[in-house]
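Participant: when you get a sec, could you give me coordinates for this:
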Amino acid sequence: MEKQFIPVNIALLTISDTRTSDDDTSGRLLKQRVLDAGHFVIAQQIVPDDVYQIRAIVSQWIADPNINAIISTGGTGLTGRDGTPEAVKILFDKEIEGFGELFRQISFRDIRTSTIQSRAVAGVANATFIFSLPGSSGACKTAWDEILKDQLDICHRPCNFVELMPRLLEK
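Facilitator: From the prediction side, this is the model:
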C-alpha cells in the first residue's frame, strides 16, 4: 500500500558571523528546496558562530513540539570559530553517525579529499531531528538532494526518518 506524503515542520538555522538575510544563499537554497518538497519552514534564523548562541536556539527549537526537524548550515569546518558540532552534539539523545559518513562519501565525488574537512553531523534530541551541514550552498544542495529529500519523505522506501517520528520518544 502506497503511503501518503506527510509534510514535515522544519526550522532552518544559518550559522555565520558575516551572513545577513540579503546574502544567505545557503539558507535561501534550503528554504526553497524544503518548500518545493512540500514541507513547511516554520522558523528561520541567522546566528553568529558562537557555541552558546547556537545551542540556545537549537535548544529552544527542540523544546517546541511543532518542530520535527532542524537543518543548520555553517560552522562545521575546522577553524577556531567553527563550533556547530560542539554546540549540537551535546544536545543529542542519539547521534546519527551514518549521516556524516554518507554526506562525506557523496561529497567526495565533487570535492575529492577536501570533504575530509567537513564535520557534518546529525542526531535526534527530544524527538527532533537535527542536521548540521557545511555553510556552502553546494554542500547544502548535496545534503538535501542526495540524503534529506528522501529521508524526510514518508513515501521513500525501504525506510525513512518520517516513519520514525511518532516513535522517537518511546522508552
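Participant: show me where the protein has its helices.
Facilitator: 25-36, 51-62, 84-89, 97-111, 137-143, 149-151 (DSSP state H).
Participant: of all those helices, which one is nearest residue 158?
Facilitator: For those, distance to residue 158 was read as C-beta to C-beta. The smallest value, 10.9 Å, belongs to helix 149-151. Just so you know, the C-beta spots here come from the backbone N, C-alpha and C atoms, and that holds for glycine as well.
Participant: what does the closest one rub up against?
Facilitator: Around helix 149-151, the neighbours that count as contacts under C-beta atoms under 8 Å, 6 or more residues apart in numbering are 33, 37, 156, 160-162.
Participant: got it, and stretch 27-43?
Facilitator: Identification of contacts with stretch 27-43 by C-beta under 8 Å, 6+ apart yields 5, 7-12, 14, 19, 21, 44, 46, 61, 66-67, 71, 73, 137, 140-141, 144-145, 149, 152-153.
Participant: figure out how far that stretch is from the centre of its chain.
Facilitator: Going by C-alpha atoms, centre = their mean, to the nearest Å, the spacing between the C-alpha centre of stretch 27-43 and its chain's C-alpha centre is 12 Å.
Participant: closest to residue 130 out of the helices of the chain?
Facilitator: Closest to residue 130 of these, according to C-beta to C-beta: helix 84-89, at 5.6 Å.
Participant: which residues touch the closest one?
Facilitator: Contacting residues not belonging to helix 84-89 are listed as 15, 49, 51-52, 54-55, 58, 72, 74-76, 95, 119, 121, 123, 125, 130, 132 [C-beta under 8 Å, 6+ apart].
Participant: let's see 10 Å
Facilitator: When contacts are taken as C-beta atoms under 10 Å, 6 or more residues apart in numbering, the neighbours of helix 84-89 outside the stretch itself are 13, 15, 47, 49-59, 62, 70, 72-77, 95, 100, 119-123, 125, 130-135.
Participant: which of those residues count as buried?
Facilitator: Of the members of these, the ones counted as buried by neighbours, 16 or more other C-beta atoms under 10 Å, are 13, 15, 47, 49, 51, 54-55, 57-58, 62, 70, 72-77, 95, 100, 119-123, 125, 130-135.
Participant: which of those residues fall in strands?
Facilitator: Secondary structure assignment (DSSP state E) places 13, 15, 47, 70, 72-73, 95, 121-123, 125, 130-133 from the buried ones among the contacts of helix 84-89 within strands.
Participant: of all these, which two lie farthest apart?
Facilitator: Across these, no pair lies farther apart than 47 and 95, at 21.7 Å, counting by C-beta to C-beta.
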